[in-house]
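Participant: Provided below are the primary sequence and the corresponding predicted coordinates.
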Amino acid sequence: MVGQTPPDPDDEHDDLAALDFFTASGASDESDLDALGDFGVVVQTADDKGDLTAIEPLEPDEDALPVPVFAVTNPSGTVTVSAYLDGRVRNIDLSPKASDMTETHLAEEIVVIAGLATQDARSAQYAFMLKGMREQGHDDVTTRDFLTRDLDLPTPEQASAHRAAIFATRYAADNE
């Protein structure tokens, strides 16, 4: 740069001085915790709801359309998982008999049943989209190919066959 000279090592300029947050006079008699005295205590009255009103559940909308939910329960009835149309898990219900299961077995059971509920929901999404595309005049073969290959949605028949296969292999000992 024009007009600037390179720093001379003999100069008493310290580039790291800006990072020095401590006073040069040495230790102070004040504690760092003394700064906490500046903060007051908040006292809530009986009629004060506080700041948590933002997370209170909303009142159900009477005019809203019902949200489709798809539930799968294992044969022993210990685990029920419900899923939204897009496959997200909505709820996991456990029966009192679930307390007899080991933690590992219960976790595996929840994962298996949640996978089946998700697959059922996504197969309903397939049926819903196929019906909508038919109403718009689209070709069935092309639409089915798009839904299965591009969107990776199972058909209701595939979801039903997969659930039957899982139930037959996983719970075969329960039926004997």
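Facilitator: That came through, no problem. Residues are numbered from 1 along each chain as shown.
Participant: give me the low-pLDDT residue ranges for the chain?
Facilitator: 1-29, 31-61, 174-176 (pLDDT under 70).
Participant: where along it do the strands fall?
Facilitator: 69-73, 79-84, 89-94 (DSSP state E).
Participant: K97 is in contact with S76, correct?
Facilitator: Yes. Using CB atoms under 8 Å, S76 is in contact with K97, at 7.0 Å. Heads up, the C-betas are built off the backbone N, CA and C, glycines and all.
Participant: what's the single longest helix in the protein?
Facilitator: If you go by DSSP state H, the chain has its longest helix at helix 103-135.
Participant: buried sites along it?
Facilitator: By 16 or more other CB atoms under 10 Å, the buried positions in helix 103-135 come out as 106, 109-110, 112-126, 130, 133.
Participant: Tell me what angle it forms with strand 79-84.
Facilitator: Angle, helix 103-135 to strand 79-84, by axes from the mean of the first three to the mean of the last three CA atoms, to 10 degrees: 30 degrees.
Participant: and helix 103-135, what does it pack onto?
Facilitator: When contacts are defined as 3 or more CB pairs under 8 Å, 6 or more residues apart in numbering; DSSP states H and E, helix 103-135 packs onto strand 69-73, strand 79-84, strand 89-94, helix 140-145, helix 156-170.
Participant: Now tabulate these in TSV and tack on mean neighbour count.
Facilitator: Converted to TSV, the helices and strands packed on helix 103-135 look like this (neighbours: other CB atoms under 10 Å):
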stretch	mean neighbour count
strand 69-73	18
strand 79-84	21
strand 89-94	14
helix 140-145	12
helix 156-170	14
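Participant: Any chance of those in CSV with distance to E30 as columns?
Facilitator: As requested, these are arranged in CSV below (distance: least, CB to CB, whole Å):
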stretch, distance to E30
strand 69-73, 60
strand 79-84, 57
strand 89-94, 53
helix 140-145, 74
helix 156-170, 67
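Participant: is it true that Y84 touches V69?
Facilitator: Yes. Assessed by CB under 8 Å, Y84 is found in contact with V69 at 6.4 Å.
Participant: can you list residues touching both of these two?
Facilitator: R90 (CB atoms under 8 Å, 6 or more residues apart in numbering).
Participant: Which one, of the strands of the chain, ends up nearest to H162?
Facilitator: strand 69-73 (11.2 Å; CB to CB).
Participant: Can you give the strand pairings for the closest one, parallel or anti for each?
Facilitator: Note on strand 69-73: by DSSP bridges, its sheet partners are strand 79-84 (antiparallel).
Participant: Would you mind getting the angle between the strand it pairs with and strand 89-94?
Facilitator: Going by the same axes, to 10 degrees, strand 79-84 makes 170 degrees with strand 89-94.
Participant: what's strand 79-84 in contact with?
Facilitator: By CB under 8 Å, 6+ apart, strand 79-84 touches 67-74, 89-95, 98, 106, 109-110, 113-114, 116-118, 120-121.
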